[in-house]
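> missing the sequence, but the structure's below:
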């Protein structure tokens, strides 16, 4: 059915236009993008980025950044028809940049294509044509200092905040909600040390979704990546610090390259670093501080940072509500509950989640998916099968009980495969001195 829609829409709406963008500068930069699917709809998403020092702005660099953000923002709109030709009219990109974008669009939409039963290739999905005249950035001297730490409100960014607590930092929050603000505040970052960006979708895309146009997961982390690069430039920062772990590299559909977390992977991080160096030529480093750690190791560290336990939130479904809560019905909630269970008591977990998820019989299918006893992982930002199994086995070994734990004990071996999970992953882009800080923090809680 969706495959037929895919072919139909591509024929009916053969082009997607990235026409232009407008911006104005006051105490913030207000940006409006202009996208269009001819004969269907125009889209005008908005972005608001605070600015503390207008003297930091070099016009050609700012406009190049804004244009680049649009190249990734457009993914949320072009997916509705998968128009085979994307015409870029708002700025200039060359063949090397087009190659990066084609790979990002294809892999970033991997889950979307899979769940809509769409079979296509990277070359076939989109033909990107740049219709803007060639432009060249002037060379500037840029000397940044300190870190811009991206904070989403989950446990991972809290761990990064703690590891880098003695460094020169500011935090970046996009579409701030209470948990992300509270996590930043509990780490000591008041409003003058926070960069709070607002992103607003064009409501037209919601209308198309309701009408039955193609819909699904997009690589939001790639958009955060390019926005963070601009914010680091505006704030005069040297490093952009993410909190993506080694576990993000595991495919969601085993045996394929389909990964819900593609734009959190080491592969994307490597490609994006090269792309931005080539495009902007600024001395800004983009890396994940936790790339050397598994979700299991991160949970171990986080269990010791008690001040965040009452405020952190990771549930993506819950984040869509006015008050961000743990929904306790999704794979993300279940995985976080599982991964914390070796390190926090049942009482501590119930205080966080409001109930004991190990007693939930209705979560058994999700539990089997999460622990690798189903065809695929949940399409969520969750850790590897091996980590979930280790956490479950450790919980059983320490005497925990509950319907899901009892089921596991009665059907599967209580195996402990610690070595590969606990081993530090040296394949990362973390500066040497920060690698040592991460390892030192791990040793502290061994």
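Cool, the structure landed. What you see is a predicted model; the values in this text were computed from it and never measured.
> Could you point out which residue ranges in the stretch 151-300 of the chain have low pLDDT?
247-256, 259-260 (pLDDT under 70).
> mind listing the strands for it?
Here the stretch 151-300 of the chain has its strands, by DSSP state E, counting those that start in this stretch, at 169-174, 194-200, 239-242, 285-288.
> Of all the ones you listed, which one comes closest to residue 45?
Residue 45 lies closest to strand 194-200 among those, at 6.3 Å (CB to CB). Quick note: C-beta positions are derived from backbone N, CA and C, even for glycine.
> Export the strands of the stretch 151-300 of the chain as CSV, with columns for mean neighbour count and distance to residue 24.
Converted to CSV, the strands of the stretch 151-300 of the chain look like this (neighbours: other CB atoms under 10 Å; distance: least, CB to CB, whole Å):
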stretch, mean neighbour count, distance to residue 24
strand 169-174, 22, 20
strand 194-200, 18, 15
strand 239-242, 25, 25
strand 285-288, 21, 28
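> Could you save those strands as a markdown table and add columns showing distance to residue 371?
Shown next, in a markdown table, are those (distance: least, CB to CB, whole Å):
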| stretch | distance to residue 371 |
| --- | --- |
| strand 169-174 | 32 |
| strand 194-200 | 35 |
| strand 239-242 | 27 |
| strand 285-288 | 25 |
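> between the ones you listed, which gets nearest to residue 323?
strand 169-174 (17.1 Å).
> Who are the packing partners of that closest one?
In this structure, strand 169-174 packs against strand 147-150, helix 178-186, strand 194-200, helix 220-235, with contacts taken as 3 or more CB pairs under 8 Å, 6 or more residues apart in numbering; DSSP states H and E.
> Look up how far residue 293 lies from residue 127.
40 Å (CB to CB, to the nearest Å).
> who's more crowded, the two?
residue 293 (29 against 15; other CB atoms under 10 Å).
> Pull the contacting residues for the closest residue to the more buried one other than its chain neighbours.
Computed as CB to CB, 6 or more residues apart in numbering, the closest residue to residue 293 that is not its neighbour in sequence is residue 245, at 5.4 Å. Counting by CB atoms under 8 Å, 6 or more residues apart in numbering, residue 245 touches 156, 288, 290-291, 293-295, 298, 383.
> got JSON lines for the residues you listed, with distance to residue 107 too?
Shown next, in JSON lines, are the contacts of residue 245 (distance: CB to CB, whole Å):
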{"residue": "156", "distance to residue 107": "22"}
{"residue": "288", "distance to residue 107": "17"}
{"residue": "290", "distance to residue 107": "21"}
{"residue": "291", "distance to residue 107": "18"}
{"residue": "293", "distance to residue 107": "23"}
{"residue": "294", "distance to residue 107": "22"}
{"residue": "295", "distance to residue 107": "21"}
{"residue": "298", "distance to residue 107": "24"}
{"residue": "383", "distance to residue 107": "20"}
